[in-house]
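Novice: everything below, folded, please.
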Amino acid sequence: MIILSRVAETIYWIARYIERTENTARIIMVNANLLMDLPKGIAPGWEPILAITSSTDLFYEKYEELNERNVVKFMTIDKTNPGCILNSLEKARENLRTTRAIMPRGLWEVVNDLHYYAEENKAKGLSRKGRHEYLIHIIRSCQLATGTISSSMSHDLTYEFVRLGRNLERADNITRVADVRAGNLLPDVDEELKPFDDIQWKSILETLAAYQMYRRHINHRVKGTAVLAYLLQDKQFPRSFTHCLNELENCLKQLPENDAPLRTLGRLQRLVNETNVSDIRGTKLNQHMNELQIVLAQLHNQLTIAYFDVEHINAKTTDINDLNQVITL
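Specialist: I've put the predicted structure just below:
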């Protein structure tokens, strides 16, 4: 089976943009709920959203004041922000438009409808009254898109690029949320503030759609070390870091030219497996998450070199005239 490198890359990014859209919507929604549950002196405000998405500097280039409306606008509809919801949807839709012959027709309908919904209801997304409905619609539509791919696309080797994109984006989001949200939680020793600490750990789980499954599988209240262990090392929950890495490994084993990506992935797996979560609070947690993010970026680069970089791939082909048929599966 042969697939064009540009098509493989487009499919990879469709999955990443759909996943990114859902993640961004969930981060905004959970943060709004968290601010209602915590007293003003303890509530983290809206700055963590910018930190999670690494967009603080970009935000201040356009906005003078960091407040709720400005941050929500920046993260949902402000197209000067490459990571805003509208931009992610637009990129997913455009990439999907060019691959409609390969991807399920139902996926185009879901993403196209969602794109128009997000554009036409921008005002609702900015208002406190309509924001929850707006974000829930986006989250559920992204889940519908993911389900449509899984249930109506052949699980052949082309499908592996969907899984690569989805799980790499998901793994990156886990490290960002854990880094920012868990890195600055309230001290465990302060018993008066302990209930608020638990609320924040719960918000981390909800940001990653993990709260219900955590309570089902972990016979423990929402506690920091248990939450980190679950999100980083659980093998069954689809939004845990380890599960994402295992999915990436399964994908790569189905693809050619996988030596370098598998070696980088192996480094990630060792880093997570050897993590003692009780020993990585505060600064150590930040350092550990940064290390995971750096290796994830290296893995993305390895995938680009192996499957998407036409010049690199063509250098290995035997027929220099066959410039489009670059990935033999």
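
Novice: hey, let's count contacts and neighbours off CA atoms from now on
Specialist: Noted.

Novice: which stretches of the stretch 101-250 of the chain have low pLDDT?
Specialist: 183-195 (pLDDT under 70).

Novice: so where do the helices sit in it?
Specialist: 105-120, 122-126, 128-152, 159-177, 183, 194-207, 211-217, 224-233, 241-252 (DSSP state H, counting those that start in this stretch).

Novice: can I get the fourth one in PDB, CA atoms only?
Specialist: These are the backbone C-alpha positions of helix 159-177, laid out as PDB (Å, rounded to 0.1, in the frame of the first residue of the first chain):
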ATOM      1  CA  TYR A 159      -5.700   5.000   9.900                       C
ATOM      2  CA  GLU A 160      -2.500   4.700  11.900                       C
ATOM      3  CA  PHE A 161      -1.700   8.300  11.100                       C
ATOM      4  CA  VAL A 162      -5.000   9.400  12.600                       C
ATOM      5  CA  ARG A 163      -4.000   7.500  15.800                       C
ATOM      6  CA  LEU A 164      -0.500   9.000  15.800                       C
ATOM      7  CA  GLY A 165      -1.900  12.500  15.600                       C
ATOM      8  CA  ARG A 166      -4.600  12.000  18.200                       C
ATOM      9  CA  ASN A 167      -2.400  10.400  20.800                       C
ATOM     10  CA  LEU A 168       0.600  12.700  20.400                       C
ATOM     11  CA  GLU A 169      -1.700  15.700  20.800                       C
ATOM     12  CA  ARG A 170      -3.400  14.100  23.800                       C
ATOM     13  CA  ALA A 171      -0.100  13.200  25.500                       C
ATOM     14  CA  ASP A 172       1.100  16.700  25.000                       C
ATOM     15  CA  ASN A 173      -2.000  18.200  26.600                       C
ATOM     16  CA  ILE A 174      -1.700  15.900  29.600                       C
ATOM     17  CA  THR A 175       1.800  17.200  30.400                       C
ATOM     18  CA  ARG A 176       0.700  20.800  30.000                       C
ATOM     19  CA  VAL A 177      -2.300  20.500  32.200                       C
END
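
Novice: centre of the chain to that helix, how far?
Specialist: Here helix 159-177 is found 6 Å from its chain centre; the criterion is CA atoms, centre = their mean, to the nearest Å.

Novice: hang on, residue 210 packs against residue 241?
Specialist: No - at 12.0 Å, residue 210 and residue 241 do not qualify as touching, with contact defined as CA atoms under 8 Å.

Novice: the more surrounded of these two?
Specialist: residue 241 (29 against 20; other CA atoms under 10 Å).

Novice: surely that one meets residue 233?
Specialist: Yes - at 6.4 Å, residue 241 and residue 233 qualify as touching, with contact defined as CA under 8 Å.

Novice: for residue 231, which non-adjacent residue is spatially closest?
Specialist: Distance criterion CA to CA, 6 or more residues apart in numbering; nearest residue to residue 231, sequence neighbours excluded, is residue 240 at 4.5 Å.

Novice: any idea how far residue 24 is from that neighbour?
Specialist: With the distance defined as CA to CA, to the nearest Å, residue 240 ends up 17 Å from residue 24.

Novice: likewise residue 69?
Specialist: 16 Å.

Novice: repeat that for residue 119.
Specialist: 16 Å.

Novice: out of these two, which sits in the more crowded spot?
Specialist: Of the pair residue 119 and residue 24, residue 24 is the one with more neighbours under other CA under 10 Å, namely 24 against 16.

Novice: is it true that that one touches residue 86?
Specialist: No - in this structure, residue 24 is not within contact of residue 86 by CA under 8 Å, at 10.6 Å.

Novice: which of the helices of the stretch 101-250 of the chain sits most buried?
Specialist: Neighbour counts (mean count of other CA atoms under 10 Å) averaged over each of these peak at helix 159-177, with a mean of 23.

Novice: can you spell out which helices and strands pack onto it?
Specialist: helix 5-37, helix 241-252, helix 283-303 (3 or more CA pairs under 8 Å, 6 or more residues apart in numbering; DSSP states H and E).
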